[in-house]
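K.L.:
missing the sequence, but the structure's below:
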């Protein structure tokens, strides 16, 4: 988010229980890791997002994942411009996908 100041970029951060230590919603200190006002954070206790993305057992949990979508799209409406993880290993290609998304017109509307 810091790489795109003033740009119409939004982030949806979904916290979910995956590890043994994830028995409750994220703490205030965890939520502070993502302090940009363009980010919305959600606690998905039942891993509904993961299940909708293909989780069918413990080994297929979708987590530590980043997906980049064009403006106006919903995450399940069309393929992501980029999707991969773990997040810390895909920062550069995710940033490139965001840059690309910001530079083209969306079929759902124009960028600001």
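P.N.:
In hand now; what should we look at? A quick note: this is a predicted structure, and the numbers were derived from the prediction, not measured.

K.L.:
can we go C-alpha only for contacts and neighbour counts from here?
P.N.:
Will do.

K.L.:
just the helices in this protein please.
P.N.:
Taking DSSP state H to define them, one finds helices in the chain at 28-31, 48-52, 91-103.

K.L.:
and those helices as a markdown table, adding mean neighbour count, mean pLDDT and distance to residue 7?
P.N.:
What follows is the helices of the chain, written out as a markdown table (neighbours: other Cα atoms under 10 Å; pLDDT from 0 to 100; distance: least, Cα to Cα, whole Å):
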| stretch | mean neighbour count | mean pLDDT | distance to residue 7 |
| --- | --- | --- | --- |
| helix 28-31 | 10 | 95 | 22 |
| helix 48-52 | 14 | 94 | 26 |
| helix 91-103 | 16 | 94 | 8 |
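
K.L.:
not counting its neighbours along the chain, what's nearest residue 42?
P.N.:
Once flanking residues are discounted, residue 42 sits nearest to residue 14: 4.9 Å by Cα to Cα, 6 or more residues apart in numbering.

K.L.:
what's the local residue count around the residue nearest to residue 61 when sequence neighbours are not counted?
P.N.:
Of all residues not flanking residue 61 in the chain, residue 55 sits nearest, at 4.9 Å (Cα to Cα, 6+ apart). For residue 55, the neighbour count with other Cα atoms under 10 Å is 16.
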